[in-house]
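1. coords please:
(4 chains)
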There are 2 protein chains.
Amino acid sequence: MLEQRDRAHRSPINLSEAIIPGLCAGCGARHIGLCDALADEDLHFLASVARQTTVARGHSFAIEGDSARYFFNINAGTARLHKDLPDGRRQITGFVGPGDFVGLAADDRYTFSAEAIEDVRLCRFDRTELRGVFSRFPALERRLLDVASHELIVAQEQMLLLGRKSAIERLASFIDGWSRRAILCGGGTDSLRLPMTRTDLADYLGLTIETVSRALSALRKQGVIEVTPDHNISVVRPHALHDIARAGA
Amino acid sequence: MLEQRDRAHRSPINLSEAIIPGLCAGCGARHIGLCDALADEDLHFLASVARQTTVARGHSFAIEGDSARYFFNINAGTARLHKDLPDGRRQITGFVGPGDFVGLAADDRYTFSAEAIEDVRLCRFDRTELRGVFSRFPALERRLLDVASHELIVAQEQMLLLGRKSAIERLASFIDGWSRRAILCGGGTDSLRLPMTRTDLADYLGLTIETVSRALSALRKQGVIEVTPDHNISVVRPHALHDIARAGA
DNA sequence: ATCCCGCCTTGATCGAAATCAAGCATTACC
DNA sequence: GGTAATGCTTGATTTCGATCAAGGCGGGAT
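-> Purely as a prediction, here's the structure:
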C-alpha cells in the first residue's frame, strides 16, 4: 500500500488519492479500491486517461444536455447533482463528496448537472478511454457495478421519501442519513456540518425553504436535534430521529 | 443466431428466451444480448445457475428485507417493484416487463418487493453463482453496468417527477414514457394497454387514486388523450402530451 | 462604522392535492 | 339471476405545504 503510494507520486496525478481515495476509509461502497499491485506501465496508462482538476464553489463541471465526455471521481469538497425544468423548478438528485463517482448515470449526454457547493478537487476520466481501463482492470468494472447498484438502492429510497413522506419525515430522513454518512467517514458524532444551503435542502427534499426551516424548528422543539448558530446541526436523540424518518417503524 | 436458438432448446430452460429475450427487439438497453456463439458447456453452465418459473398475478417473488438469493430476468408479463412504510404508505419504484432485470439494486437483502400484476414468466439466477457467470462471460457484467446506469437515469428522472411536478404533469410524463416504451416494443401507436390499476399508478406517481382519475379526466377534456371503456388509453396529441410532461419546454 | 446583500426564520394567507363520501360499471361467485 | 367485491369517477370539504410578506442575523464592501 505504501509502496503503491510512492509509485503513484511519480505519476502526473496523485493516483493513490484519485483512484483509491483515502479520506473515507470506512465508507466501503464509495471507493474503487484498485488495491492490487500496479505495474509502472499501468500507472502511466491510468495517468494518460485521468486528470486532476479543481472546481471553484458555484461552478459546474457537468451540464445537463452537454456531450458526456467525462466521468468524475470526487477527491475533496461537496457537489450537488440536479435536474431542472424549463420554468426553473429544480430537483437535486444527490450530494456527492470525497470518494463518490459522478457520471455513471450518463448516456451520450449528461442527464444531470453537477455543481460545486464547496471548492471541489476531482479526478476526471475520459469516458471513451475508460472502456480501455475496464479491459485492463476488470476489478474496476466489477466495483462500478457494485457502486451503481448501491446508488440505485439510494435512489429508490429517495423516491419513497419524495412520493410518500411528510415534510418532517423528509428532514428527519435526510439528517439521519447524513449523520450516518458522517459517522462512517470518521466524523465526530456531536456536530454535523451541512455544506448545503436551505435552498439546496429544499430542492433535494422536494419542499420549499420555508417548509425546510419550519420542519427543522419542529424537530428542534421536539428536542430531537439542535441547530447551531452557524446553521449546522447536532443530533440529540438519534433513535427518535430515526423513528420519525421511518414513520414510526 | 438461429443456430444458437437451436442449441438453447436442448437445455432444460429456454435460454434464447431467458438470456436473450426476443420479444422486444427494439428496446436496446433492456437486453443482455449474449449474442456471441455459446459452446455446449457454456449452455450447461448457464442452465445450472438459472431456472425458469411462473409467478401468478398477485403473488410476490421478492420481498423487502428477505435474504436476496436471486436475481431475475422477466420473460413475459408485468410486475411492480415497491417499497412500503410501516403504516401502509407505498411507493412503487418501477414497473418491469419482458427483458427487464430485477435484483440489481440489492444488497444482502432485498430493499424492495416485487409483485406480479399479470402472470409473469421469469428466469431466476442464484446471485452468488452469478459471480461465476460474470468471470465466464465478461460481456454480461459490462451489459449489466449499462443497464444499471440506464436505470439510474430513469430513477433520477422519477425523482424530478416526484419532487417537482404537478399531478397533471406526472400523469402526462407517465403516459408519454409508457407509450414510447410500447412503440419501441413494436406495439401499435393507437391504443395503449395499461396493465396496472389506478392504485398502482397513484403509488407510482406519489398521488391518490382520486387525483390520478381527475388528472386523466383533465387530459381527456383537453383532447390530449382518450380513455377507452376498458380503462386503457389512446394518445391523441403526442406532442401536446410531451409538452405538458416537460412543463412546457 | 454603515450599508447592503445573502441566507434564514416566522407569521398570514392561499391553493393543490388529500380525504371523505357517494354512486356507477364490470367482474366474480353463489 | 342476484349479490358481493373490485375498480373507477366525480363532488364536497379539509389539510399540508406553497406562496406572500416581514424581519433578523452575519459577513463583506465601501
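2. what secondary structure does A:Asp230 sit in?
-> Secondary structure assignment for A:Asp230 (DSSP: H, G, I helix; E, B strand; the rest coil): coil.
3. ugh, wrong one, A:Ile168
-> Three-state assignment for A:Ile168 (three-state DSSP): helix.
4. and A:Phe61, by the same measure?
-> Classified using three-state DSSP, A:Phe61 is strand.
5. surely it meets A:Phe72?
-> Yes - A:Phe61 lies in contact with A:Phe72 (CB atoms under 8 Å); the separation is 6.8 Å. (Each C-beta comes from the backbone N, C-alpha and C, glycine too.)
6. what touches both of those two?
-> Residues touching both A:Phe61 and A:Phe72 by CB atoms under 8 Å, 6 or more residues apart in numbering or on different chains: A:102, A:114, A:122.
7. near DNA strand C too, which of those residues?
-> By CB under 7 Å from any atom of the strand, no member of the shared contacts of A:Phe61 and A:Phe72 lies near DNA strand C.
8. only the buried subset of the residues you listed, as a PyMOL command please.
-> If you want just the buried ones from the shared contacts of A:Phe61 and A:Phe72 in PyMOL, going by 16 or more other CB atoms under 10 Å in any protein chain shown, the selection is:
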select buried, chain A and resi 102+114+122
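9. out of the shared contacts of A:Phe61 and A:Phe72, list just those in helices.
-> Assigned to helices by DSSP state H, none of the shared contacts of A:Phe61 and A:Phe72 qualify.
10. now the shared contacts of A:Phe61 and A:Phe72 in JSON lines, with pLDDT and distance to A:Gly88?
-> Below are those laid out as JSON lines (pLDDT from 0 to 100; distance: CB to CB, whole Å):
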{"residue": "A:Val102", "pLDDT": "94", "distance to A:Gly88": "23"}
{"residue": "A:Ala114", "pLDDT": "97", "distance to A:Gly88": "18"}
{"residue": "A:Leu122", "pLDDT": "88", "distance to A:Gly88": "27"}
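11. ok, for A:Arg214, nearest residue in space, not its chain neighbours?
-> Counting by CB to CB, 6 or more residues apart in numbering or on different chains, A:Arg214 lies nearest to A:Ala167, which is 7.5 Å off, once chain neighbours are set aside.
12. residues in contact with that neighbour?
-> Neighbours of A:Ala167 in contact, by CB under 8 Å, 6+ apart: A:205, A:207, A:211-212, A:214-215.
13. ok, it to DNA strand D distance?
-> For A:Ala167, the distance to DNA strand D equals 4 Å [CB to the nearest atom of the strand, to the nearest Å].
14. before we move on, what about A:Val55?
-> 20 Å.
15. any idea of the pLDDT on that residue?
-> We have a pLDDT of 93 for A:Val55.
16. what's near enough to touch it?
-> By CB under 8 Å, 6+ apart, the residues touching A:Val55 are A:61, A:77, A:79, A:116, A:119-122.
17. filter these down to the ones in strands?
-> Counting by DSSP state E, the contacts of A:Val55 place A:61, A:79, A:116, A:120-122 in strands.
18. and these, which is closest to DNA strand C?
-> Distance ranking of the ones in strands among the contacts of A:Val55 against DNA strand C, using CB to the nearest atom of the strand, places A:Ala116 first at 13.3 Å.
19. so that closest one touches A:Thr53, yeah?
-> No - using CB under 8 Å, A:Ala116 is not in contact with A:Thr53; the gap is 10.8 Å.
20. what do these two both touch?
-> The contact sets of A:Ala116 and A:Thr53 overlap at A:Phe61 (CB under 8 Å, 6+ apart).
21. neighbour-wise, which of these two wins?
-> Counted by other CB atoms under 10 Å in any protein chain shown, A:Ala116 and A:Thr53 do not tie: A:Ala116 has more neighbours, with 21 against 14.
22. which residue, other than its chain neighbours, is closest to the more buried one?
-> Nearest residue to A:Ala116, sequence neighbours excluded (CB to CB, 6+ apart): A:Val55, at 4.5 Å.
23. give me the phi and psi for the one you found.
-> When read as degrees, to the nearest 10, the backbone of A:Val55 gives phi -120, psi 120.
24. for DNA strand C, what are the nearby residues on chain A?
-> Residues of chain A lying near DNA strand C by CB under 7 Å from any atom of the strand: A:197-199, A:209-210, A:212-214, A:216-217, A:227, A:231.
25. among these, name the ones in helices.
-> Within those, residues falling in helices by DSSP H are A:198-199, A:209-210, A:212-214, A:216-217.
26. out of those residues, which are close to DNA strand D?
-> When contact is defined as CB under 7 Å from any atom of the strand, these meet DNA strand D at A:Glu210.
27. mind listing what's buried in the biggest helix by length in chain A?
-> Criterion DSSP H: the longest helix present in chain A is helix A:138-164. By 16+ other CB under 10 Å, the buried positions in helix A:138-164 come out as A:140-164.
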